[in-house]
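Participant: quick one, what's the 3D model for this:
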Amino acid sequence: MSGITLPGTGELVATDTVAGEEVQQMKVVVGGDGVGVDVSTAAPFPVNVAEVSATESLQTEADLTKIKGTAISLDNPMPITGLDPMLAIAMGLIPGYSAVNKFGHNPAATAGEDIWGGGGVYGFFPTEAVAMDVVSSDDEDGGAGTDTGALTIQVYGLDNDWLEQNETVTLNGTTPVALANEYIRIFRTIVLTAGSVETNIGNLIIASTEAAGGIAENTVGVYVNAGDGQTQQTIYTIPAGKTGYFIKGYTAMADDDKNGEVAEFQWQARPNNGVNGAWAVKGEVGLNNIGTGTWQYRYGVPAGPLPEKTDIRIRITGVTATLGVVGGYDIVLVDN
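Facilitator: Sure thing, here's the model as predicted:
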């Protein structure tokens, strides 16, 4: 330690020599005037850490899940900067929020049909959960080790309480296999494992095995076209305990060799449980396959709210020829 004398005053200032330079020393005093205590090893600078007990360190998992001393929750979300909000939701970084992407294809659509792989009008909207089975149109979609097509699938839907459920099913070719769960809604199926062809060879169909809940026996809930590996159906239902908001949607005409044809589409939603509610338009678009055969729209203000149990579909309301059409939408789900 050394010091320097200030010019003109003769006052001595305490300094230390650091890298050949004289640096002024500073003393920290804690307390009021006349009663302050110099900070030292014996009298350290006091730090008050809120919401951390004496048995926790500042690097415990409990501390890292708190923002401003309060546990991260829907009302106190983790701040996300420099990251697209939709990506953050998809990554599960924002508690209480999740995202759903639905897309579909109708290979030969006419007016009044829905966009899903089975074609025609989608009709699996029972009033109670029903038993279902899955079957393929090709015997090579089976669970045997020698089969070359789809071997196992994952099925997603809602139970009788409208809660999300899923299960893995081993296929048996053209012989129906019963699903372990009953479903009030079923909206996605994915091929998990396959043989040498690496996807489903035949069409996979999941249908009701009984006439119940206001639907007939063999009402199709899922149709996976050969080679698709998963459902293509723009049918979805908001699960219990959640509220949905439309974020983005798109439609397109898949046939480019039919110049001048026109197709019209509606995003439709039916609230409640599909029994007392009515279908209502949530968006509409008309396309001409000369220059405007595709359309995509991002809502400036998310469309909603879509309460729990709301059914959603994309319907082809008008078309001037039998056309292949595709469509889809993104929905953000918020826990109630």
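Participant: quick check: buried residues in the helix or strand G300 falls within?
Facilitator: Taking DSSP states H and E as the definition, one finds G300 inside strand 294-306. Within strand 294-306, the residues that count as buried by 16 or more other C-beta atoms under 10 Å are 299, 302-304, 306. From N, CA and C alone the C-beta is placed, and that goes for glycine too.
Participant: helices or strands up against it?
Facilitator: In terms of contacts (3 or more C-beta pairs under 8 Å, 6 or more residues apart in numbering; DSSP states H and E), strand 294-306 is packed against strand 242-253, strand 280-288.
Participant: could you point out which element follows it?
Facilitator: Per DSSP H and E, the first helix or strand lying C-terminal to strand 294-306 is strand 311-319.
Participant: that next one pairs with which strands, and in what direction?
Facilitator: strand 113-114 (antiparallel), strand 236-237 (antiparallel), strand 262-270 (antiparallel) (DSSP bridges).
Participant: which of the helices and strands packed on strand 294-306 has the lowest mean pLDDT?
Facilitator: With a mean of 85, strand 280-288 has the lowest mean pLDDT of these.
Participant: mind exporting it as PDB, just the C-alpha atoms?
Facilitator: Coordinates of each C-alpha in strand 280-288 appear next as PDB, following Å, rounded to 0.1, in the frame of the first residue of the first chain:
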ATOM      1  CA  ALA A 280     -69.500 -22.400 -36.800                       C
ATOM      2  CA  VAL A 281     -67.100 -20.900 -39.300                       C
ATOM      3  CA  LYS A 282     -63.800 -19.700 -37.900                       C
ATOM      4  CA  GLY A 283     -62.200 -18.800 -41.200                       C
ATOM      5  CA  GLU A 284     -62.800 -19.200 -44.900                       C
ATOM      6  CA  VAL A 285     -60.900 -19.000 -48.100                       C
ATOM      7  CA  GLY A 286     -61.400 -19.600 -51.900                       C
ATOM      8  CA  LEU A 287     -58.600 -20.800 -54.200                       C
ATOM      9  CA  ASN A 288     -58.100 -21.000 -57.900                       C
END
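Participant: which strands and helices sit next to it?
Facilitator: Against strand 280-288 (3+ C-beta pairs under 8 Å, 6+ apart) you get strand 242-253, strand 262-270, strand 294-306.
Participant: flag every buried residue along the top helix by length along the chain.
Facilitator: Longest helix of the chain, by residue count under DSSP state H: helix 85-90. For helix 85-90, the neighbour count (16+ other C-beta under 10 Å) marks 88-90 as buried.
Participant: tell me how far it is from the chain's mean position?
Facilitator: In terms of C-alpha atoms, centre = their mean, to the nearest Å, the centre of helix 85-90 is found 9 Å from the chain centre.
Participant: same check, this time on stretch 141-161
Facilitator: Chain-centre distance of stretch 141-161: 22 Å, with C-alpha atoms, centre = their mean.
Participant: next one: stretch 282-298
Facilitator: Relative to its chain's centre, stretch 282-298 lies at 24 Å (C-alpha atoms, centre = their mean).
Participant: please apply the same query to stretch 161-168.
Facilitator: In terms of C-alpha atoms, centre = their mean, the gap separating the centre of stretch 161-168 from the centre of its chain is 16 Å.
Participant: how close does P107 get to T320?
Facilitator: Distance, P107 to T320, by C-beta to C-beta, to the nearest Å: 17 Å.
Participant: shaky segments in the stretch 51-200 of the chain?
Facilitator: Counting by pLDDT under 70, the stretch 51-200 of the chain contains low-confidence residues at 51-82.
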